[in-house]
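J.: turn this into a model:
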Amino acid sequence: MTAPPRLVKWLPVAYTVGTDVVAAVVATLLYFTFVEITHGPVPFGYALAVLVGAPLAVRRRWPLAAFAVVVVAQNTATLLHITLEVYTPTLFALYMVAVALPRRRSAPVLAGGAALTAVCLAISEPWPDDLGITVTVWFLMAATWALGWTTRLRRRFVARTTAEQAEHALTEERLRIARELHDIVAHSLTMITVKAGIANHVADEQPAEAKEALGVIERTGRAALTEMRHLLGVLRSSETPDLAPAPSLADLPALVDRAAMAGVPVTLTTTGGAALPEGVGLTVYRIVQESVTNVVKHAAPADCTVSITVTDTAATVEVTDNGPGERALAGGGGHGLAGMRERVAVYGGDFRAGPRREGGFRVLAEVPFG
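T.: Numbers count the residues shown, from 1 in each chain. Alright, predicted model coming up:
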């Protein structure tokens, strides 16, 4: 059984929050034990134990405040000879400061925490023990800060790389759309030119045929203007486009057969008899092609259902499967979904995709025309 999408979305958040809460509880109980072992001031010592541990539960939300409270409380415990470990709660809070804040802010925080710790250790410990403990704690604090800072850099790099890849995928998809629409527009203009030549040739002797040719010119011209509106804003590739005939709904049975050979049986249902403009038919074909390909790549073996409904004003495509929906989202970085969304956006349509509550994945696209 596939987990609900909302549950899957919140699982990482629950995991990180749960980790911080556990750390807070462990640190608090540890310092409760230290108070009892060292025979420290019981009421005040227990209060310090709470201040040392509790802020760790909110270190991701308020990293600077959490660190300030923890480092002050732990150094106070050191002055009271309660601390019996190497400042682990302080290190735990410092790591999140380095991850969440830029270096110009986290580095002074590190320096301030290190200075406060050195002063408190010098007061509470005899020479030369205070020097050895201070150097050890400083080394651990510097290493923790460096680890957090490199983690921050790595996350920024991954986020930037992901954004660049997504933008590159969208650009490539626009170029593919431009090449395909070029074929349609070129076909329309060729048809207009041929029919115009016929009409001009037979206008005097066969006016009925000339009228019929003019009607074809009018219809073809309107369709070409519609495609040109969709073409505006789409960048053209400098490469020579492939002028092979664009696929349409008539080519879907062959696509279904290929998917079945790959181990994904596809049930294809088409409702409505309205004729689709070439551009819309191509878009519908590409959406079905990409969706079925994703099922083959990320969900096989699985059953797939393709439903196409054509009215006088829009074509609706719904592709569902009973495979693992989350794996379909994770595979391939989502570039296929971005390409389908871009195709539908060209026509001002609506596109939705995501895991289903009952399991599997669903792609729904509505492409208006007319």
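
J.: after the helix or strand that residue 27 is a member of, next one along is what?
T.: Taking DSSP states H and E as the definition, one finds residue 27 inside helix 5-38. Moving toward the C-terminus from helix 5-38, the next helix or strand (DSSP H and E) is helix 42-53.

J.: residues in contact with that following helix?
T.: 23-32, 34-35, 69-70, 72-74, 76-77, 80, 82, 89 (Cβ atoms under 8 Å, 6 or more residues apart in numbering). C-beta: built from backbone N, CA, C; applies to glycine.

J.: one more time with 7 Å, if that's ok
T.: By Cβ atoms under 7 Å, 6 or more residues apart in numbering, the residues outside helix 42-53 that reach it are 24-25, 27-28, 31-32, 35, 69-70, 73-74, 76-77, 80, 82, 89.

J.: and whichever helix or strand comes after that helix with helix 42-53, angle?
T.: Using DSSP H and E, the helix or strand that directly follows helix 42-53 along the chain is helix 63-79. Interaxial angle, helix 63-79 versus helix 42-53 (axes from the mean of the first three to the mean of the last three Cα atoms, to 10 degrees): 140 degrees.

J.: state the mean pLDDT of helix 63-79.
T.: For helix 63-79, the mean per-residue pLDDT is 92.

J.: what's that helix packed up against?
T.: Contact here means 3 or more Cβ pairs under 7 Å, 6 or more residues apart in numbering; DSSP states H and E; on that basis helix 63-79 packs against helix 42-53, helix 88-100, helix 103-124.

J.: just the CA coordinates of that helix, formatted as CSV?
T.: In CSV, the C-alpha atoms belonging to helix 63-79 read as follows (Å, rounded to 0.1, in the frame of the first residue of the first chain):
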residue,chain,number,x,y,z
PRO,A,63,19.5,28.6,15.8
LEU,A,64,21.1,31.7,17.2
ALA,A,65,18.9,32.0,20.3
ALA,A,66,19.2,28.3,21.0
PHE,A,67,23.0,28.4,20.9
ALA,A,68,23.1,31.5,23.1
VAL,A,69,21.0,29.9,25.8
VAL,A,70,22.8,26.6,25.7
VAL,A,71,26.4,28.0,25.7
VAL,A,72,25.6,30.4,28.6
ALA,A,73,23.8,27.6,30.6
GLN,A,74,26.5,25.1,30.0
ASN,A,75,29.3,27.5,31.0
THR,A,76,27.4,28.4,34.1
ALA,A,77,27.2,24.7,34.9
THR,A,78,31.0,24.5,34.3
LEU,A,79,31.5,27.3,36.9
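
J.: list the contacts of it.
T.: Residues from elsewhere that reach helix 63-79, judged by Cβ under 7 Å, 6+ apart: 31, 48, 51-52, 55-56, 58-59, 83, 87, 89-90, 93-94, 96-97, 100-101, 109, 113, 116-117, 120-121, 123-124.

J.: switch the cut-off to 8 Å
T.: With Cβ under 8 Å, 6+ apart, helix 63-79 has contacts from 31, 34, 40, 45, 48-49, 51-52, 55-56, 58-59, 83, 87, 89-90, 92-94, 96-97, 99-101, 105, 109, 113, 116-117, 120-121, 123-124.

J.: residues touching the closest residue to residue 155 other than its chain neighbours, list them.
T.: Once flanking residues are discounted, residue 155 sits nearest to residue 99: 7.8 Å by Cβ to Cβ, 6 or more residues apart in numbering. Taking Cβ under 8 Å, 6+ apart, we find residue 99 in contact with 63, 148-149, 151-152, 155.

J.: now mean pLDDT and distance to residue 279 too, for the helices and strands packed on helix 63-79, in CSV please.
T.: Formatted as CSV, the helices and strands packed on helix 63-79 follow (pLDDT from 0 to 100; distance: least, Cβ to Cβ, whole Å):
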stretch, mean pLDDT, distance to residue 279
helix 42-53, 88, 63
helix 88-100, 92, 48
helix 103-124, 91, 51
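
J.: to residue 249, which of the ones you listed lies closest?
T.: helix 88-100 (51.6 Å; Cβ to Cβ).
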